[in-house]
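K.L.:
Dropping the sequence and predicted coords here.
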Amino acid sequence: MIKILITLSLFIISVSNLYSQNFNWITPNKTYLKLYIIEDGVYRIEKTDFTNNGVNTSGIDPRTVKVLYKGNQIPIFFQGESDGTFDDADYLDFYGVRNYGGLTKHYNGYSNAVEYVTDEKYNNYSDTNAYWIDWGGNNGLRMEVSNFVSPLNHPDNFSMQPVHFEKDIIYYLGETVNSNTDFRYFSNEKVSGESWFWKVMSTNDVHTENFNPVNVTGAQSCELKLLLFPISYNIQASNEHRVEVRINNNLVGTLISDSLRRMDTTLYFSPTLLNSNVSNDVSLTYTPVTGNFFQPRIHLDFFELKYPKAFSFVNNFTNIKFSGNDTTSKKITVNGVLSSNPLSIYDVTNGIKIENQSISQNTLTFSGKSNAEFDLANAFISKKPFRIENRQVKNLTSSSNGADYLIVYHSLFGSQAEQLKNHRQSFNNFRVFNAEIKDIYDIFNYGIEDPSAIRNFINYAVDNWSGPSVKYVNLFGRASLDPKKNSPVLSFIRISFRHTAIRLQTDTSLILISGLSLIIIRYR
């Protein structure tokens with residue numbers, strides 16, 4: 001049961017592996033605007049976004065407005081700031097991204113060494129990212145405005161466009177034996193093969209995904225990256241796992257794997273196999289070597305197609321992304337522009353607003369760096385964060401704070417947490433400190449919901465608050481084995497706690513509650 005809780009909470013990482021953070025990046029009791037971002041793109045914030053969230057802009061010098069991400073300023077473009085007043089027509093643009101899973105280490109259960117690293121598209125806890133707007137003090141970081149016209153033409157009229165196929169539905173514990181005698185079963189790290197997966201494929205199973213017609217150009221090969229993990233093996237056969245891969249019924253490759261070795265492969269094929277006027281499909285067929293008492297099975301994780309997409313606007317927007325380190329500026333032409341519509345071009349890699357464009361008939365020409373990702377809008381930018389919130393955080397980092405008994409709670413249980421605080425103060429004569437989970441997220445993980453924030457907070461309080469050190473941690477809330485509701489089975493499982501108090505000891509496992517999500521941590 002312990003391993004089940006640990007695995008399904010997807011959280012076991014030792015404190016020593018935490019990345020370094022500056023927990024003083026945000027000023028306690030100061031007003032900020034917190035922006036919740038769920039997809040990549042250029043966002044526009046206007047004066048009404050401030051006033052609708054209770055911020056009076058009459059005293060704000062727009063030149064001091066800053067956008068923060070993970071504690072650092074990012075460059076923004078602020079239209080109309082030069083006069084020092086925040087006028088009705090003024091606005092700021094910035095590029096934001098959703099919360100990705102990122103690089104994830106998977107360990108060999110025997111040697112405890114890193115066996116491989118995956119770049120996860122989906123975060124285990126939340127796909128929502130957090131950006132912050134601050135103002136006052138020094139002037140903020142701004143995008144460079146470029147009017148440079150390059151004498152060089154870009155050699156290609158395309159960039160590689162990704163189409164990603166993945167769903168997180170099944171959680172698998174990886175290469176472990178379902179027995180308490182296998183020590184890998186109790187590993188606090190992700191072992192080989194442990195992850196969320198899309199589906200289990202058995203002999204002759206076929207998985208097909210359709211996608212829209214594509215605007216392919218040039219002779220550049222298309223790429224198809226696939227990740228699959230066998231979960232059974234045949235000791236009487238070699239290379240028993242086989243997956244046939246087809247694009248629009250054309251065989252483009254056969255993946256082969258022996259035993260439990262993962263299939264982490266990229267296939268290349270001609271762009272002529274893709275359709276530009278009718279839908280396309282990618283199809284996987286599992287054709288393993290079968291044998292007596294052997295039931296072949298393999299996990300499908302994801303596959304991602306990249307194709308050479310012609311530079312053109314679709315519904316007045318397009319994104320162009322180059323790879324490599326070449327910073328040379330070159331002329332780029334994009335078809336399908338409407339000269340009567342507004343036009344915005346941002347180099348979101350290098351923080352540049354490009355204003356050197358020219359339009360001839362329906363063709364746009366501009367100059368930009370060869371290592372850039374460009375976000376182009378041939379319309380008014382109207383993308384907004386899905387939520388904007390006026391935020392002030394409490395002072396959780398002051399060295400004058402101190403507690404014997406620490407209560408971490410969700411705001412739904414605010415009155416109950418206060419009642420418990422009063423009881424412990426009078427009955428046990430404890431110094432009690434109540435910390436609301438949103439404040440912990442904001443200070444100790446830049447506003448992003450993740451259990452690492454609670455680890456960081458408790459560790460910080462033990463090491464930096466005035467003594468004697470914290471002795472008890474009480475967690476107030478409700479827990480879930482599947483916080484993102486990925487699994488149709490686990491989504492119906494809930495664990496409710498009135499409150500749980502645990503005494504801090506060296507090498508003690510703590511069960512914590514993050515909002516409505518169960519967290520298990522290893523303290524110290």
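P.N.:
Yep, that arrived. Here the structure is a predicted model, which means the values were calculated and not measured.

K.L.:
For Arg98, which three-state class applies?
P.N.:
coil (DSSP: H, G, I helix; E, B strand; the rest coil).

K.L.:
any residues touching stretch 136-155, and which ones?
P.N.:
Here stretch 136-155 makes contact (C-beta atoms under 8 Å, 6 or more residues apart in numbering) with 60-61, 63-67, 73-78, 134, 328-333, 346-347, 350-356, 367-368, 370. All C-beta spots, glycine's among them, are computed from the backbone N, C-alpha and C.

K.L.:
Can you get me the start-to-end distance on it?
P.N.:
Its start and end residues considered, stretch 136-155 measures 45 Å (C-alpha to C-alpha, to the nearest Å).

K.L.:
What residues of that stretch count as buried?
P.N.:
Across stretch 136-155, burial judged by 16 or more other C-beta atoms under 10 Å covers Gly140, Arg142, Met143, Ser146, Ser150, His154.

K.L.:
Point to the helix or strand of this protein where mean pLDDT is at its lowest.
P.N.:
Between all helices and strands in the chain, the lowest mean by mean pLDDT, DSSP states H and E belongs to helix 2-9, at a mean of 31.

K.L.:
Tell me the first helix or strand C-terminal of it.
P.N.:
strand 32-37 (DSSP states H and E).

K.L.:
Show me the contact partners of stretch 358-373.
P.N.:
Here stretch 358-373 makes contact (C-beta under 8 Å, 6+ apart) with 146, 148-150, 154, 319-339, 343, 345, 347-350, 352, 354, 356-357, 374, 376.

K.L.:
how about 7 Å then?
P.N.:
148-150, 321-322, 324-337, 339, 345, 347-350, 354, 356-357, 374 (C-beta atoms under 7 Å, 6 or more residues apart in numbering).

K.L.:
among those residues, which are in strands?
P.N.:
When the contacts of stretch 358-373 are checked against strands (DSSP state E), the matches are Lys321, Ser329, Lys330, Lys331, Ile332, Thr333, Val334, Asn335, Ile345, Asp347, Ile354, Phe374.

K.L.:
Can you name the two of the residues you listed that sit furthest apart?
P.N.:
By the measure C-beta to C-beta, Ser329 and Asn335 form the most distant pair in the ones in strands among the contacts of stretch 358-373, at 20.6 Å.

K.L.:
okay, the two: which has more neighbours?
P.N.:
Ser329 (23 against 15; other C-beta atoms under 10 Å).

K.L.:
what's the closest non-adjacent residue to the more buried one?
P.N.:
Nearest residue to Ser329, sequence neighbours excluded (C-beta to C-beta, 6 or more residues apart in numbering): Ser150, at 4.3 Å.

K.L.:
Check the spacing between the one you found and Ile354 real quick.
P.N.:
If you measure Ser150 against Ile354 using C-beta to C-beta, to the nearest Å, the figure is 11 Å.

K.L.:
Okay, strands next: where are they in the stretch 101-250 of the chain?
P.N.:
Here the stretch 101-250 of the chain has its strands, by DSSP state E, counting those that start in this stretch, at 102-107, 114-120, 129-134, 144-146, 158-166, 170-172, 195-197, 199-202, 206-211, 222-230, 241-247, 250-257.

K.L.:
how about these, which one is nearest Tyr286?
P.N.:
With C-beta to C-beta, the closest approach to Tyr286 among the strands of the stretch 101-250 of the chain belongs to strand 199-202: 4.2 Å.

K.L.:
in its sheet, what does that closest one sit against?
P.N.:
Paired with strand 199-202 in the same sheet, following DSSP bridges, are strand 297-310 (antiparallel).
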